[in-house]
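**Q** Quick one, fold the following:
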Amino acid sequence: MNDEAVKQEPGQWLAGTVLGMPSHEALPAAIGEVHARPSPLIEAPRLLLQLSFMTESGSTLDQAALADLSRRLGIAAPDRHARHHAMKWGKGSLSWERHTEFSTYLWDCPADARTGRPLDDSPFGNGFSPPGKVISGVKLDIRKWTPQNERLIAGFDAASLCYSLVENGKAAAVTDFRQDGDGLTRILILDGGLSPARTGALSQRLIEIETYRTLAMLGLPLAQSLSPRMRRIEDRLAALTGEMRASDHRDSQELLAELTDLAAELEADAAASLYRFGASRAYHGIVEERLEALGEIAVPGYDTWSAFLQRRVAPAMRTCRSIEARQDSLSEKLARAATLLRTWVDVDVERQNRDVLASMNNRARLQLRLQQTVEGLSVAAVSYYVVGLIGYLAKGSAMFGEPVKPETVTAISVPFAVLAIWWLVRRIRRSHRDEAGK
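**A** Residues are numbered from 1 along each chain as shown. Next comes the predicted model:
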């Protein structure tokens, strides 16, 4: 072990080394992540207020809001690469976390034991610049479990009231998933003897259930908007396949173009909804994990959180999954129909090519016949001129001795001249054919 490691205080880890040996550069981040978001230590009475903002466009507005809050407190703003930060706010604290598409601001403060009102001013009052649009707001009231505080349950909507025992019966979690006048979902915890650590963990779990439940439901409006468009594509696909079955008056090129347009429209919708449906599945999975970790004990006459959300949220998630499955199935059907049409188009093209080749063969055959006719005429014409030359030679033979009758010589030379010219033309044509074959 080197000297620097020896100088460290007991229990203090020297980042970058393990037993004095160099550690992996990602080790501090991997180890620190499990301690990055500890559950707060909370004692009743306490009030927790969390706002979640959609920040898909980036962290610029988040950093501006945090910098403004830090200036109001006279402290340094967090690093722009930070993903979580906590600061003291009055007698309580303000915690910020940045997630993939949203960020949360959680303010907890002591509350009046009788009225439940906060003892400090909220950081979300005048002067707070929201980093985006609010997607979730939760107001969590933690009270001691007394007969007086138990009467607060009557203030919730009985139609959607969820009331169950948690933490082995040492606490009760109450909500109606309704929003109050400020647009916040009210949650009540009746503390029957929890430790501050367990109260903090329970509070964090209940707030996450409401936050992620809301985020999971964002996929439902998108699914509902896509359903009629997919129905229209399905109906048009059925009509196109019906036209494909009718062999008469079928324009394969036009049908293929329309199928391609439908496939492009479907793929555009699928690409646009891919992230939202995937995020809804992930958020719903987190909700189910948190509900399972609650370990609820049903109170006779009331819904548990799990039963209520299973009845209300699960159908929405099934709708999203159904739309995804319809998109995949419809995409495969469109692909199969397009493949079949492309086959038909290829067959039509091959049929056209066959007709073109047949037409070319006919033209070549006609040209051959014309050529043979021309060759016959050319043999006759050339032979005529050759016989004429021989006739002239016969007429001039009197200059060299015994004269020969030109008519006799001309008549005898005709078959020989014709045969000679025919053989010469045939030989020339054969030589051209041999060169073309090579």
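**Q** my guess is residue 152 meets residue 143, correct?
**A** Yes - counting by CB atoms under 8 Å, residue 152 touches residue 143, with 7.0 Å between them. (Each C-beta comes from the backbone N, C-alpha and C, glycine too.)
**Q** And the helix or strand residue 311 falls within, what's buried?
**A** Secondary structure assignment for residue 311, by DSSP states H and E: helix 305-312. When neighbours are counted by 16 or more other CB atoms under 10 Å, the buried residues of helix 305-312 are found to be 305, 306, 308, 309.
**Q** now those residues in CSV, with distance to residue 326 and pLDDT?
**A** As requested, these are exported to CSV (distance: CB to CB, whole Å; pLDDT from 0 to 100):
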residue, distance to residue 326, pLDDT
305, 31, 96
306, 29, 95
308, 28, 95
309, 25, 94
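**Q** from memory residue 118 sits against residue 46, does it?
**A** No - the pair residue 118 / residue 46 is not scored as a contact, 9.3 Å apart, by CB under 8 Å.
**Q** Just name whatever secondary elements the helix holding residue 311 is in contact with.
**A** Secondary-structure packing of helix 305-312 (3 or more CB pairs under 8 Å, 6 or more residues apart in numbering; DSSP states H and E): strand 162-166, strand 171-179, helix 196-216, helix 252-294.
**Q** just checking, what packs against the first one?
**A** Here strand 162-166 is seen to pack against strand 171-179, strand 297-298, helix 305-312 when contacts are counted using 3+ CB pairs under 8 Å, 6+ apart.
**Q** just so I know, which of the helices and strands packed on helix 305-312 lies nearest residue 73?
**A** Between residue 73 and the helices and strands packed on helix 305-312, the shortest gap by CB to CB is with helix 196-216, which sits at 22.6 Å.
**Q** So what angle separates the directions of the closest one and strand 162-166?
**A** Relative orientation of helix 196-216 and strand 162-166, computed by axes from the mean of the first three to the mean of the last three CA atoms, to 10 degrees: 140 degrees.
**Q** Run the chain-centre distance for helix 196-216.
**A** Here helix 196-216 is found 30 Å from its chain centre; the criterion is CA atoms, centre = their mean, to the nearest Å.
**Q** Turn the helices and strands packed on strand 162-166 into CSV, columns for distance to residue 238.
**A** Converted to CSV, the helices and strands packed on strand 162-166 look like this (distance: least, CB to CB, whole Å):
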stretch, distance to residue 238
strand 171-179, 41
strand 297-298, 48
helix 305-312, 34
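**Q** of those, which approaches residue 418 most closely?
**A** helix 305-312 (106.5 Å).
**Q** Name the residues of the top strand by length along the chain that are buried.
**A** Longest strand in the chain, counting residues (DSSP state E): strand 133-144. Residues of strand 133-144 classed as buried by neighbour count (16+ other CB under 10 Å): 135, 136, 137, 138, 139, 140, 141, 142, 143.
**Q** before we move on, what about stretch 150-169?
**A** Of the residues in stretch 150-169, 153, 156, 161, 162, 163, 164, 165, 166, 167 count as buried by neighbour count, 16+ other CB under 10 Å.
**Q** Got the phi and psi for the second one?
**A** Put plainly, it is residue 156. Reported as degrees, to the nearest 10, the phi and psi values for residue 156 are phi -90, psi 160.
**Q** quick one: pLDDT of the nearest residue to it once chain neighbours are set aside?
**A** Once flanking residues are discounted, residue 156 sits nearest to residue 176: 4.1 Å by CB to CB, 6 or more residues apart in numbering. Note for residue 176: predicted pLDDT of 95.
**Q** Would you mind measuring from residue 176 to residue 162?
**A** Separation of residue 176 from residue 162 (CB to CB, to the nearest Å): 7 Å.
**Q** Check residue 78 too.
**A** Distance of residue 78 to residue 162, given as CB to CB: 36 Å.
**Q** Could you do residue 208 as well?
**A** Distance of residue 208 to residue 162, given as CB to CB: 16 Å.
**Q** Phi first, then psi, for residue 115.
**A** According to degrees, to the nearest 10, residue 115 has phi -100, psi -20.
**Q** ok, now residue 107?
**A** Phi and psi for residue 107, reported as degrees, to the nearest 10, are phi -110, psi 120.
**Q** Just give me the neighbour total for it.
**A** The number of residues packed near residue 107 is 20, by other CB atoms under 10 Å.
**Q** Settle this for me: it is touching residue 48, isn't it.
**A** Yes - taking contacts as CB under 8 Å, residue 107 lies within contact range of residue 48: 7.2 Å.
**Q** circling back: out of the buried residues of stretch 150-169, who's nearest residue 421?
**A** Closest to residue 421, out of all of the buried residues of stretch 150-169 and judged by CB to CB, is residue 162, at 113.1 Å.
**Q** so what's the closest one up against?
**A** 173, 174, 175, 176, 177, 302, 303, 304, 305, 308 (CB atoms under 8 Å, 6 or more residues apart in numbering).
**Q** Repeat that for residue 110.
**A** 45, 46, 47, 91, 92, 118, 119, 120.
**Q** any idea which of those residues is closest to residue 334?
**A** Distance to residue 334 across the contacts of residue 110 (CB to CB) is lowest for residue 47, with 54.7 Å.
**Q** Report the secondary structure element holding the closest one.
**A** Under the criterion of DSSP H and E, residue 47 resides in strand 46-54.
**Q** Would you mind putting the CA coordinates of the next helix or strand after that strand into PDB?
**A** Downstream of strand 46-54, the next assigned helix or strand under DSSP H and E is helix 60-73. Once non-C-alpha atoms are left out, helix 60-73 reads as follows in PDB (Å, rounded to 0.1, in the frame of the first residue of the first chain):
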ATOM      1  CA  THR A  60     -30.700  24.300 -19.900                       C
ATOM      2  CA  LEU A  61     -33.900  25.500 -18.300                       C
ATOM      3  CA  ASP A  62     -33.200  23.100 -15.400                       C
ATOM      4  CA  GLN A  63     -29.800  24.700 -14.800                       C
ATOM      5  CA  ALA A  64     -31.400  28.200 -15.000                       C
ATOM      6  CA  ALA A  65     -34.000  27.300 -12.400                       C
ATOM      7  CA  LEU A  66     -31.400  25.700 -10.100                       C
ATOM      8  CA  ALA A  67     -29.100  28.700 -10.500                       C
ATOM      9  CA  ASP A  68     -31.900  31.100  -9.600                       C
ATOM     10  CA  LEU A  69     -32.800  29.100  -6.500                       C
ATOM     11  CA  SER A  70     -29.200  28.900  -5.400                       C
ATOM     12  CA  ARG A  71     -28.800  32.700  -5.800                       C
ATOM     13  CA  ARG A  72     -31.800  33.200  -3.600                       C
ATOM     14  CA  LEU A  73     -30.100  31.100  -0.900                       C
END
